[in-house]
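# Predicted structure and sequence below. I'll ask about it afterward.
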Amino acid sequence: MSVRHAVSRGLEWGRSVYRLGLLKPVVRIAARFRGERVPARPQAGLPSRYRYFRTTLSGLAAQVQSGGFRRFSAGGSPRNRAVFLAFGLGVGLIEQRLEEDRSHATTCQGIQELFSKKRFQSPLKPLTLGYRFEDYSIGKQIGKGSNAAVYEAAAPLAFSKKTDTCSVVEVTEDEGEGETSPYLRCCSLRNFPLAVKMMWNIGAGSSRDSILRSMSQELVPAGPHALKQENKQLTLDGHFGVLPRTVPAHPNVIRVYRAFTAEVPLLPGAQEEYPAVLPARLNPDGIGYNRTLFLVMKNYPCTLRQYLERNKPGWRHGTLMLLQLLEGVDHLCRQGVAHRDLKSDNVLLEFDSDGSPPRLVISDFGCCLAQSDGSLQLPFNSVWVNRGGNACLMAPEVATAVPGRDVFIDYSKADAWAVGTISYEIFGEANPFYGAQGLESRSFQEKQLPRLPAAVPADVQMVVRLLLRTNSEKRPSARVAANILHLSLWGKKALANQGSAGMRELVDWLLCQSAMVLLRGCGGPCGNTVEAELQRCFLAHLELEDLHTSVGFLLFGQEQRQACILST
Ligand SMILES: Nc1ncnc2c1ncn2[C@@H]1O[C@H](COP(=O)(O)OP(=O)(O)OP(=O)(O)O)[C@@H](O)[C@H]1O
């Protein structure tokens, strides 16, 4: 092997190891070969992955340059010398790449810190909202599930001056309808900016503590002032840690502004629609308790399902809607919460301005998993353990779990799977897991999944397929799936040069993107706020490792498509 040949081989080897993600195994093998222990405790000051590689590689390179190299260069055959030279160059190249990676990681971290400092502020300032049912005037019923009825509401004292703090859409309902009811003063969403969810209480008892404890999951999206101070105190005093963790505000997760217990009132439609869950005071045959939990939220004009019944979003709006769901799910995962009942009925929508995509929020946390330690692993030691709601959209790893000793269900990617199924609805197709002929998540094969419409971009189709992988280990997290969509929507140009310039081009693009988002933020609330929020979310959660994985998926998808085109 000539020296020139060795040099090119070495560089090629180093590049391949890096590109294929084989760095870790190669380093391990090399360290074993030298009889060294792989460093377990990385040094401080560098991100762990890089500390680890650097330590091992430095040793390796040192050995190549000293003992080994000397031995080979002095006494080895020319072939051995060339091979060793190639190896040395390869290691050198990897070192250089690691150095670059380290600087990229630092850049990403800087961007992340900059954007994560700016916490999302809910547009409604709920400080003036009351903690009693009487503080609200109730409008007509706007929804009903299997556990609660939801009514439009206003807080006359809080909104005595007519404010427009809630950006709600034009009213589409018949405004005259409500005037016949004594409860309804006005049906417009503008006049009823709030929604009150009245839980049906048939098993939680009538004391405030027992109600709060038994319906505690509903409080996961509650703001810091949602419960009256003494309520928090009472519940925590009696049963420390019973209240679940709550999640910070996020543009794609519903916010509960107030939560209080009160006597069950007779609201419009109660006698006709849910007489059985009323207390005996209101219906002698009712089995409900006298008091229950009320949750005050923003009033949203419709659910995702209702919206899709009348609208067919184009591919770009559809992608932005899917991305919002992934951002919401990623936020929940980071907070140690799994929703476990994602479906188009549990996603609410509002509209900022003409032409911009709808804003989506994930709602109804009644089935969620929010363990006090933030773990998304649920001990599954008995059939009585609740796996979550909506069996049709239950991720395969959840649906197929068999209870037993030391069995845990991992929910870390279960919501992402459900988002994959909802994507079909967003892009105008039937959800393949619904209906008598629908696929069953516990037994389907990935090749049975129907194709999405041809208008849906190839990258988005790939994301949906990845989200619906049966093996959760091969399924990307919501974060990685969201990153793929972000890159595909806004970073295509930076990705085009991945082969030659590696991550450098991408990091430059990230810096430009950060500057743009910051500048747009300074310019006031102009432009498309949904897109701006999505971009902020992306930058606030930048991590080089996730970014590498996302880029890998995108490039792999592109390569596969090219190979497919060439072969036909
Ligand atoms: N904040 C809101 N604004 C407008 N409509 C809402 C709001 N919250 C809930 N709804 C409507 O009420 C319906 C029922 O609410 P929700 O899903 O929270 O009840 P649930 O009884 O917990 O449902 P499930 O049967 O899924 O357990 C929703 O599908 C939606 O139509």
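It's in. Note that the coordinates shown come from a computational prediction; the quantities given were computed from them, not determined experimentally.
# how many neighbours does residue 295 have?
Residue crowding around residue 295 was assessed by other Cβ atoms under 10 Å; the count is 24. For glycine as for every other residue, the C-beta is placed from the backbone atoms N, C-alpha and C.
# tell me which residues form a beta bridge with it?
For residue 295, the beta-bridge partners under DSSP bridges are residue 197, residue 259.
# what residues are up against it?
With contact taken as Cβ atoms under 8 Å, 6 or more residues apart in numbering, residue 295 is in contact with 196, 197, 199, 218, 219, 222, 256, 258, 259.
# Quick one, which of those are buried?
196, 197, 199, 218, 219, 222, 256, 258, 259 (16 or more other Cβ atoms under 10 Å).
# Would you convert those residues into JSON lines that also reports pLDDT?
Supplementary listing: the buried ones among the contacts of residue 295 in JSON lines, determined by pLDDT from 0 to 100:
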{"residue": "196", "pLDDT": "97"}
{"residue": "197", "pLDDT": "98"}
{"residue": "199", "pLDDT": "97"}
{"residue": "218", "pLDDT": "95"}
{"residue": "219", "pLDDT": "95"}
{"residue": "222", "pLDDT": "94"}
{"residue": "256", "pLDDT": "96"}
{"residue": "258", "pLDDT": "95"}
{"residue": "259", "pLDDT": "95"}
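# farthest-separated two in those residues?
Using Cβ to Cβ, the pair of the buried ones among the contacts of residue 295 lying farthest apart is 196 and 219, separated by 14.9 Å.
# the helices in the stretch 401-550 of the chain, which residues?
In order along the chain, the stretch 401-550 of the chain carries the following helices (DSSP state H, counting those that start in this stretch): 414-426, 458-467, 478-490, 492-496, 498-501, 504-522, 529-540, 544-567.
# most neighbours per residue, which of the ones you listed?
Between those, the one whose residues have the most neighbours on average, counting mean count of other Cβ atoms under 10 Å, is helix 414-426 (a mean of 27).
# So which elements touch it?
Packing contacts for helix 414-426, counted by 3 or more Cβ pairs under 8 Å, 6 or more residues apart in numbering; DSSP states H and E, involve helix 304-310, helix 315-334, helix 396-399, helix 458-467, helix 478-490.
# who wins for proximity to residue 415 among those?
Minimum separation from residue 415 across the helices and strands packed on helix 414-426 (Cβ to Cβ) falls at helix 315-334, 4.4 Å.
# just the residues of the chain that are near the ligand, which are they?
Proximity of the chain to the ligand is assessed by Cβ under 6 Å from any ligand atom, with 142-148, 150, 195, 197, 297-300, 303, 341, 345-346, 348, 363-364, 366 identified as the residues in range.
# Switch the helices of the stretch 401-550 of the chain over to TSV; also include mean pLDDT and distance to residue 329.
Rendered in TSV, the data for the helices of the stretch 401-550 of the chain read as follows (pLDDT from 0 to 100; distance: least, Cβ to Cβ, whole Å):
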stretch	mean pLDDT	distance to residue 329
helix 414-426	98	4
helix 458-467	96	10
helix 478-490	95	4
helix 492-496	78	24
helix 498-501	56	27
helix 504-522	84	22
helix 529-540	91	12
helix 544-567	83	14
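# Take those and lay them out in JSON lines including distance to residue 446.
Putting the helices of the stretch 401-550 of the chain into JSON lines (distance: least, Cβ to Cβ, whole Å) gives the following:
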{"stretch": "helix 414-426", "distance to residue 446": "11"}
{"stretch": "helix 458-467", "distance to residue 446": "7"}
{"stretch": "helix 478-490", "distance to residue 446": "16"}
{"stretch": "helix 492-496", "distance to residue 446": "26"}
{"stretch": "helix 498-501", "distance to residue 446": "27"}
{"stretch": "helix 504-522", "distance to residue 446": "29"}
{"stretch": "helix 529-540", "distance to residue 446": "28"}
{"stretch": "helix 544-567", "distance to residue 446": "15"}
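# Residue ranges in the stretch 1-150 of the chain under the pLDDT threshold?
In the predicted model, the stretch 1-150 of the chain carries pLDDT under 70 at residues 1-94, 118-127.
# Surely residue 459 touches residue 485?
Yes: applying Cβ atoms under 8 Å as the test, residue 459 and residue 485 come out as touching, 7.4 Å apart.
# about what we covered before: so which of the helices of the stretch 401-550 of the chain comes closest to residue 279?
Closest among the helices of the stretch 401-550 of the chain, using Cβ to Cβ: helix 414-426, at 34.8 Å.
# C-alpha coordinates for that closest one, PDB please?
C-alpha atoms of helix 414-426 as PDB (Å, rounded to 0.1, in the frame of the first residue of the first chain):
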ATOM      1  CA  ALA A 414     -46.600   5.900  23.200                       C
ATOM      2  CA  ASP A 415     -48.100   9.400  22.600                       C
ATOM      3  CA  ALA A 416     -45.800   9.800  19.600                       C
ATOM      4  CA  TRP A 417     -47.400   6.600  18.200                       C
ATOM      5  CA  ALA A 418     -50.900   8.000  18.600                       C
ATOM      6  CA  VAL A 419     -49.800  11.200  16.900                       C
ATOM      7  CA  GLY A 420     -48.700   9.000  13.900                       C
ATOM      8  CA  THR A 421     -52.200   7.600  13.600                       C
ATOM      9  CA  ILE A 422     -53.900  11.000  13.900                       C
ATOM     10  CA  SER A 423     -51.700  12.200  11.000                       C
ATOM     11  CA  TYR A 424     -53.900  10.200   8.600                       C
ATOM     12  CA  GLU A 425     -56.900  12.200   9.800                       C
ATOM     13  CA  ILE A 426     -55.000  15.500   9.400                       C
END
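# Next, the angle from it to helix 478-490.
Counting by axes from the mean of the first three to the mean of the last three Cα atoms, to 10 degrees, helix 414-426 points 40 degrees away from the direction of helix 478-490.
# What are the neighbouring residues in contact with residue 421?
When the contact criterion is Cβ under 8 Å, 6+ apart, the partners of residue 421 are 393, 431, 432, 433, 468.
# What does residue 339 show for phi and psi?
For residue 339, the backbone dihedrals are phi -70, psi -50 (criterion: degrees, to the nearest 10).
# I'd like to know how far it sits from residue 294.
Distance, residue 339 to residue 294, by Cβ to Cβ, to the nearest Å: 21 Å.
# more neighbours, those two?
Neighbours per residue, other Cβ under 10 Å: of residue 339 and residue 294, the larger number sits with residue 339, 31 against 23.
# Output stretch 299-307 as CSV - backbone C-alpha positions only.
Coordinates of the C-alpha atoms in stretch 299-307 are reproduced here as CSV (Å, rounded to 0.1, in the frame of the first residue of the first chain):
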residue,chain,number,x,y,z
ASN,A,299,-62.9,28.3,25.4
TYR,A,300,-61.7,26.9,22.0
PRO,A,301,-64.0,27.0,19.0
CYS,A,302,-63.7,23.4,18.0
THR,A,303,-61.9,20.1,18.3
LEU,A,304,-59.5,18.7,15.7
ARG,A,305,-62.1,16.1,14.7
GLN,A,306,-64.8,18.8,14.2
TYR,A,307,-62.4,20.9,12.2
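# Which of the residues of the chain next to the ligand are buried? Put it as a ChimeraX command.
Taking 16+ other Cβ under 10 Å as the burial criterion, the selection of buried members of the residues of the chain next to the ligand in ChimeraX is written as:
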select :142,143,147,148,150,195,197,297,298,299,300,303,341,345,346,348,363,364,366
